[in-house]
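**Q** What follows is a predicted protein model with its sequence.
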Amino acid sequence: MSILVTGGAGYIGSHCVAALVERGYDVAVIDCGGHKAALKGGRLYEGSTADRDFLRSVFQKEQVDAVIHFAASSLVGESMTAPEKYFRNNVAGAINLADTMLEFKVPYLVFSSTAATFGEPERTPILDNDPQKPTNPYGESKLIIEKMLKWYDYAHGLKFCALRYFNVAGAWHDGSIGEDHRPETHLIPIILQVAQGKRENLKLFGTDYPTKDGTCVRDYIHVEDLIDAHLLALDYLKKGNPSATFNLGNGTGFSNRQIIEAARKVTGHPIPVIEKGRRAGDPAVLIASSQKAMDVLGWKPKYTSIEQIIETAWKWHSTHPNGYGD
Ligand code: UFG
């Protein structure tokens, strides 16, 4: 079976490529902003989903059976000041991709969606069919794509699974690939950069949230568990099942202070903290119910302890002080 992975040289995409290659799939990759060194295999085509002719040329060369679509702009803060970038890159890119899939009769798509489609949740844990009211253009762009895919299925029979990730963390078990965003904005890699001596302290955004210790609460899912869900979603579609959406998290919330404490334990570094005001657009609590993924896909996360998740990230960071170095 031949799988096309868009954004395959990014953080999550590269872990997907590694898992597919390890399991013997034939893999083609499209990427334009990731790290070539993150690829453990697959044939790389450098280009963007914005370019329909480029997409066509890839589909002409490859016998694609299914697509896993990661390529997207994904910085919540940036999306607030440059929404046009998010609608162009994410929504227009997805239209190009879906249209090319129809043209080449590729029937299955696994789409990378996000918890940000829910906005400030009315209750937690968040169920798959809870109301989606994004509070930033990033989440809105992903929600538009979810809705669009529903109609592509209705009209053209394009079958998809939209997987809504909560907070993805950790690295490949042997520490050979991991997270290297430029710029880095995520909590765990920033904390680990402090432990590496690359930053003096962590700026903790918001200590007055209505949570157990005043800091935001998030649901962390290990990147390998997340990828397992993608492979299960592919199998689900191949069996002829209907299109579906799934929330993916661990079902447990950790406050930012708990994450800092866990990272202190794992790294042995004191991780100095400077308390700051709230970051715009941060919901207080985001916790997933992944019950549907467990029931329908048979998914079960292997990394359920936050220390374990941080340990794999630390293995990557401590052995790659400059990330991919490019
Ligand atoms: N945080 C800090 N200091 C930092 C960085 C982050 O205190 O230097 C805090 C944030 O304010 C937030 C928590 O750590 O309270 C987690 O922040 P991240 O940026 O690591 O993750 P988010 O929860 O903001 O974002 C994640 C994904 C997004 C997705 C979003 C869903 O990375 O892609 O969940 O809301 F959109």
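**A** Perfect, thanks for sending it. On a predicted model such as this, the values are computed, not experimentally measured, just so you know.

**Q** Identify each buried residue in the helix or strand that contains Lys85, please.
**A** Per DSSP states H and E, Lys85 falls inside helix 83-86. For helix 83-86, the neighbour count (16 or more other CB atoms under 10 Å) marks Lys85, Tyr86 as buried. To be clear about C-beta, it is placed using only N, CA and C from the backbone, and glycine gets the same treatment.

**Q** now swap in stretch 283-298 and tell me
**A** Within stretch 283-298, the residues scored as buried using 16+ other CB under 10 Å are Pro283, Ala284, Val285, Leu286, Ile287, Ala288, Ser289, Ser290, Lys292, Ala293, Val296, Leu297.

**Q** where do the helices sit along this protein?
**A** Using DSSP state H, the helices found in the chain span residues 11-22, 52-61, 76-81, 83-86, 93-103, 137-156, 187-195, 223-238, 256-267, 291-292, 306-319.

**Q** hang on, the earlier thing: and the helix holding Lys85, what does it pack against?
**A** Helix 83-86 is packed against helix 76-81, helix 137-156, with contacts defined by 3 or more CB pairs under 8 Å, 6 or more residues apart in numbering; DSSP states H and E.

**Q** So for that helix, mean pLDDT?
**A** Throughout helix 83-86, pLDDT has a mean value of 98.

**Q** Stretch 250-266 close to the ligand?
**A** Yes - judged by CB under 6 Å from any ligand atom, stretch 250-266 and the ligand are in contact via Asn256.

**Q** what comes up buried for stretch 184-200?
**A** For stretch 184-200, a neighbour-count test (16+ other CB under 10 Å) marks Glu184, Leu187, Ile188, Pro189, Ile190, Ile191, Leu192, Gln193, Val194, Ala195, Gln196, Arg199 as buried.

**Q** err, stretch 199-211, not the other one
**A** Residues Arg199, Leu202, Leu204, Phe205, Gly206, Thr207, Tyr209, Thr211 are the ones in stretch 199-211 that count as buried (16+ other CB under 10 Å).

**Q** can you check stretch 259-271 too?
**A** Using 16+ other CB under 10 Å as the test for burial, stretch 259-271 gives Ile259, Ile260, Glu261, Ala262, Ala263, Val266, Thr267, His269, Ile271.
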